[in-house]
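Colleague: Here is a sequence together with a model predicted from it:
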Amino acid sequence: MKTRLLFFVLASVAATSLDAIPDGDGKIALVNGTLINPGTAKVMPNALVLIEGDHVSIVGDQTTDFPRKGARIVDCKGKFILPGYIDTHVHFFQSGGLFTRPDAVDLTSVRSYKDEIALIKKNLPDTFRRYLRCGITSVVDIGGPMWNFEMRKIANSTAKAPRVAVAGPLISSVSRPQLDLGDPPIVKIDTPEQGRELVRKLAAQNPDYIKIWYIVNAENPVEKFRPIVHAVIEESHTRKLRVAVHATELEAARTAVEEGADLLVHSVTDKLVDEAFVRLLKERGTILCPTLVVFERYGRTFAGKLNLTPEEKAWGNPEVIASLDVTKLPPDKVPERIKSALANPESVLDRIQKTYDIALKNLKTLEDAGITIAAGTDAGNIGTIHGPALFREFQLMKEAGLTPMQILQCATANAAKTFGGDTGSKIGTIAPGNFADLVILKSNPVDDIAHASDIESVMKNGVLYPSDTLIK
Ligand SMILES: [Zn+2]
């Protein structure tokens, strides 16, 4: 009895001192856990996963022989091992806080946009660690200033950071001068030739995506911007660059896909999708990222009805979260949009519900039709918290009627397809030769998707981090 107790004490001491155990001899053997590969919906009990250096070298079961010499054995009995999650829609130039989109609510008299951007850059390593804390080992930053390419470089040379794919500035039908400090994240394009020129300039930075912001309003009907969409996609595809399009209206989304968009970065929210649209996505192999969480967060923040999950409260940046309390603003500085939302929160919540009535149904229709859905949050926008927002996205995907395994597939194997290239083929699945990016859970996410956040430890690039060591 005593020796058993001593063993437990020693084991727990060992467990707490695991902070970023380097690969040592380069080998870690995860044994006795249940391996879940959502891409194939395969669940393998008593699995063996051998990691050598930055990659997985052997996947087997308890009968599989492996070279034990020099390997650190990690007993995963009762645990669940999954590929690291992937959030395919984030923006690192935005904090998720109240001051991050002065084009939506101008609070620059409380905090200047210059100060906001400086803070975001300073907090970048912290933001990266929060992603890992949430088991998110890869993200796609789907649009921002030219600084995004610098950010990708920083991420890819930082151990405690997710892998990052990026797009540069958004090629847009509308301008956002409030966000222009000399390196604008959004660039209004008026002619096809201007669009081609920007693609050529971006191509020099080796972007993972070219991003189009297809905003439709009274002055910008769908057809007006179409020639630019056409030119940008043609110019990008000539250079083997993929194109991601923001298009939340059915007709804009349809036009984008007809013109060759590779990725739709949001749900369609104005209408239920029709059969022709579903067929078109299927024929073209277009991927769609629903970003359900962002649709509620601007409105809820402004109305004082923010519904952050326990994960967001625990693992989101506390200063960002504190900024979202609109009741703390100096009374004379409250912008009209927030005033009217605070005065009439019910109508705000009502509008959000109407958006979900359509977006959730559309997600289910597309999932049932076999369209590739990649999970993503639009984190960085006001109220959408970098890192743990993904777990709210999972809840909403569940409300749409997706099974836990389908949701996990969207956040792993499907999401990896948005990366493309060499990295895309080595993430999203635990298989020999792939990057050793994975998450170890204490409870089974296939039983209940809420367990996806019950994270014991996270491995990125072959280095195992107990989850509670990743953020202070
Ligand atoms: Zn976005």
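Modeller: Now that the structure is in, tell me what you want to look at.

Colleague: Every contact and neighbour count from this point should use C-alpha atoms.
Modeller: Will do.

Colleague: count of residues packed around residue 252?
Modeller: The burial count assigned to residue 252 is 22, neighbours taken as other C-alpha atoms under 10 Å.

Colleague: tell me the SS of the spatially most central residue of the chain?
Modeller: Nearest to the mean C-alpha position of the chain, by C-alpha atoms, centre = their mean, lies residue 87 at 2.1 Å. Put simply, residue 87 is strand when judged by DSSP: H, G, I helix; E, B strand; the rest coil.

Colleague: is it true that it touches residue 136?
Modeller: Yes. Contact criterion C-alpha atoms under 8 Å: residue 87 and residue 136 qualify, at 6.9 Å.

Colleague: Overlap in contacts, these two.
Modeller: Between them, residue 87 and residue 136 share no contacting residue under C-alpha atoms under 8 Å, 6 or more residues apart in numbering.

Colleague: sorry, back to before: give me the distance between the residue nearest to the centre of the chain and residue 211.
Modeller: Distance from residue 87 to residue 211, counting by C-alpha to C-alpha, to the nearest Å: 17 Å.

Colleague: Run through the residues that contact residue 96.
Modeller: 320, 379, 380, 381, 382, 383, 384, 385, 386.

Colleague: Quick check: pLDDT value at residue 2.
Modeller: At residue 2, the model reports a pLDDT of 41.

Colleague: coming back round to it: show me what the residue nearest to the centre of the chain is bridged to.
Modeller: Beta-bridge partners of residue 87, counted by DSSP bridges, are residue 139.

Colleague: Residue 391 versus that one, what's the distance?
Modeller: According to C-alpha to C-alpha, residue 87 stands 10 Å off from residue 391.

Colleague: now swap in residue 83 and tell me
Modeller: Relative to residue 391, and taking C-alpha to C-alpha, residue 83 is found at 16 Å.

Colleague: What residues sit buried inside the lengthiest helix in the chain?
Modeller: Longest helix in the chain, counting residues (DSSP state H): helix 345-368. Under the neighbour-count criterion of 16 or more other C-alpha atoms under 10 Å, helix 345-368 has 345, 348-349, 352, 355-356, 358-367 buried.

Colleague: and if you look at stretch 398-418?
Modeller: 398, 400-418.

Colleague: Could you do stretch 318-326 as well?
Modeller: In stretch 318-326, the ones that count as buried by 16+ other C-alpha under 10 Å are 320, 321, 323, 324, 325, 326.

Colleague: can you redo those as a markdown table with distance to residue 265, pLDDT and secondary structure?
Modeller: Output for the buried residues of stretch 318-326, formatted as a markdown table (distance: C-alpha to C-alpha, whole Å; pLDDT from 0 to 100; DSSP: H, G, I helix; E, B strand; the rest coil):
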| residue | distance to residue 265 | pLDDT | secondary structure |
| --- | --- | --- | --- |
| 320 | 24 | 98 | helix |
| 321 | 25 | 98 | helix |
| 323 | 27 | 98 | helix |
| 324 | 25 | 98 | coil |
| 325 | 28 | 98 | coil |
| 326 | 28 | 97 | helix |
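
Colleague: How about the secondary structure of residue 223?
Modeller: helix.

Colleague: any idea whether residue 36 is helix, strand or coil?
Modeller: When classified by three-state DSSP, residue 36 comes out as strand.

Colleague: which residues touch the residue nearest to it when sequence neighbours are not counted?
Modeller: Using C-alpha to C-alpha, 6 or more residues apart in numbering and skipping residues adjacent in sequence, the residue nearest residue 36 is residue 43, 4.6 Å away. The neighbours of residue 43, taking C-alpha under 8 Å, 6+ apart as the test, are 34, 35, 36, 37.

Colleague: Where does pLDDT dip in this protein?
Modeller: 1-25 (pLDDT under 70).

Colleague: Report how many residues lie close to residue 314.
Modeller: 11.

Colleague: wait, residue 245 sits on residue 263?
Modeller: Yes. In this structure residue 245 lies within contact range of residue 263 using C-alpha under 8 Å: 6.3 Å.

Colleague: between the two, which one's more packed in?
Modeller: Of the pair residue 245 and residue 263, residue 245 is the one with more neighbours under other C-alpha under 10 Å, namely 28 against 25.

Colleague: Listing partners with orientation, what would you give for the helix or strand that contains the more buried one?
Modeller: Element membership for residue 245 (DSSP states H and E) is strand 242-246. Within its sheet, strand 242-246 is paired with strand 209-213 (parallel), strand 263-264 (parallel), according to DSSP bridges.

Colleague: Counting neighbours, show which residues of the next helix or strand after that strand come out buried.
Modeller: Proceeding C-terminally, strand 242-246 gives way to helix 250-258 as the next helix or strand, assigned by DSSP H and E. Within helix 250-258, the residues scored as buried using 16+ other C-alpha under 10 Å are 250, 251, 252, 253, 254, 255, 256, 257.

Colleague: got the contact list for the closest residue to the third one other than its chain neighbours?
Modeller: Looking back up the chat, that one is residue 252. Spatial nearest neighbour of residue 252, chain neighbours left out: residue 222 (5.6 Å); criterion: C-alpha to C-alpha, 6+ apart. Going by C-alpha under 8 Å, 6+ apart, residue 222 touches 216, 251, 252, 255.

Colleague: repeat for residue 460
Modeller: 84, 132, 137, 159, 160, 162, 436, 437, 438.

Colleague: What residues are bridge-paired with it?
Modeller: residue 463.

Colleague: any idea how far it lies from residue 271?
Modeller: For residue 460, the distance to residue 271 equals 40 Å [C-alpha to C-alpha].

Colleague: which residues sit in contact with the nearest residue to residue 377 once chain neighbours are set aside?
Modeller: With sequence-adjacent residues excluded and distances taken as C-alpha to C-alpha, 6+ apart, residue 377 is closest to residue 291, at 4.4 Å. By C-alpha under 8 Å, 6+ apart, residue 291 lies in contact with 89, 265, 266, 267, 375, 376, 377, 378, 393.

Colleague: of these, closest to residue 467?
Modeller: Using C-alpha to C-alpha, residue 393 is the member of those that sits closest to residue 467, with 20.5 Å.

Colleague: does that closest one sit in a helix or strand, and which one?
Modeller: Applying DSSP H and E, one finds residue 393 within helix 389-399.

Colleague: so after that helix, what's the next helix or strand?
Modeller: helix 404-411.

Colleague: which other helices and strands contact that following helix?
Modeller: strand 85-90, helix 389-399 (3 or more C-alpha pairs under 8 Å, 6 or more residues apart in numbering; DSSP states H and E).

Colleague: quick revisit: for the residue nearest to residue 377, give me phi and psi.
Modeller: The phi/psi pair for residue 291 (degrees, to the nearest 10) reads phi 40, psi 60.

Colleague: before we move on, the earlier item: got the buried residues for the helix holding residue 393?
Modeller: 389, 390, 391, 392, 393, 394, 395, 396, 397, 398.

Colleague: Okay then, goodbye and thanks.
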